[in-house]
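> Need a 3D model of the sequence below.
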Amino acid sequence: MIRRRAQLLSLADDFPRVWNDPSVEPRERKRILRLLIEDVTLINGEKIQVHVRLRGGATRSLALTKPLPIAQIRKTKKEIVAEIDSLLDHYCDREVAEVLNRQGRRTWQDQPFNLKKIAHIREAFRLKSRYSRLRSQGLLTAKEMSKRHGVSCTTIHAWGRQGLLRKYRYDNVQRCLYEPLEESTILKGHGGRCAKQRLLSPLYDRNEVQYET
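Residues are numbered from 1 along each chain as shown. Next up is the predicted model:
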């Protein structure tokens, strides 16, 4: 009798080692639990009450804090949303992700941000895109600039590269919007080289031209 008792006690002492052994498969752990536990009763309230009845008749009671709903866990924090909203005044989605990653910010899954995650958050919280923000400031596409100033789109792009126009990126493939010039700055029919010569003394000092990168 004493020997059997010692054997049982040794099994209890070995239980943590066996349970935590990585070589023990999950199905084996389930079998161990079935041998030890008669039944479990859960009571849902402010906390989860757990009443465990063991095979030998002993009982154990636990009070567990409720886990957050998955929707709340996955929801982007308010401070992250506010930061993204602020950054979109200056950067496109990919650049916003890069800034957040440099700051050490992470998603609810503890992963770095990327273009798709920023776009998803922007749409979920109805944040205005970089493009919409620039358009609301009166910036124009190359096609609109060409019609406004009577030159080709190619000329507009060239002037943008040369720093004769202020341009602002709005997406992740180098697309830009342009800050319009005064109506009288370029005369219709005087594009190409003539217009380029007239813009050698532009409204904006070339050293002051701003790019959003």
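> Check whether residue 53 sits in a helix, strand or coil.
Here residue 53 is recorded as strand under DSSP: H, G, I helix; E, B strand; the rest coil.
> and it, what is it in contact with?
By CB atoms under 8 Å, 6 or more residues apart in numbering, the contact set of residue 53 is 37, 38, 39, 40, 41, 59. Using the backbone N, CA and C atoms, a C-beta is placed for each residue, glycine as well.
> can you rerun that using 10 Å?
The neighbours of residue 53, taking CB atoms under 10 Å, 6 or more residues apart in numbering as the test, are 37, 38, 39, 40, 41, 59, 60.
> same check, this time on residue 31
Listed by CB under 10 Å, 6+ apart, the contact set of residue 31 reads residue 25.
> The one 3 residues further on too?
By CB under 10 Å, 6+ apart, the contact set of residue 34 is residue 55.
> looking at this, it is in a helix?
Yes. Looking at residue 34 with three-state DSSP, it is inside a helix.
> surely residue 96 meets residue 130?
Yes. Contact criterion CB atoms under 10 Å: residue 96 and residue 130 qualify, at 8.4 Å.
> Common neighbours of these two, please.
By CB under 10 Å, 6+ apart, residue 96 and residue 130 have these common neighbours: 87, 88, 90, 122.
> Which members of these are classed as buried?
The neighbour-count criterion (16 or more other CB atoms under 10 Å) marks 87, 88, 122 among those as buried.
> Out of the residues you listed, which is nearest to residue 102?
Closest approach between these and residue 102, by CB to CB: residue 87, at 11.3 Å.
> Surely that closest one and residue 94 touch.
No. Assessed by CB under 10 Å, residue 87 is found out of contact with residue 94, at 11.3 Å.
> Identify the contacts common to the two.
Both residue 87 and residue 94 are contacted by residue 118, under the criterion CB under 10 Å, 6+ apart.
> rewinding a little: turn the contacts of residue 53 into CSV, columns for secondary structure, neighbour count and pLDDT.
Listed next are the contacts of residue 53 as CSV, based on DSSP: H, G, I helix; E, B strand; the rest coil; neighbours: other CB atoms under 10 Å; pLDDT from 0 to 100:
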residue, secondary structure, neighbour count, pLDDT
37, strand, 13, 89
38, strand, 13, 89
39, strand, 9, 91
40, strand, 12, 91
41, strand, 11, 92
59, strand, 10, 90
60, strand, 11, 89
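> Let me know the closest of the residues you listed to residue 158.
Distance to residue 158, by CB to CB, is smallest for residue 40 among the contacts of residue 53, at 74.7 Å.
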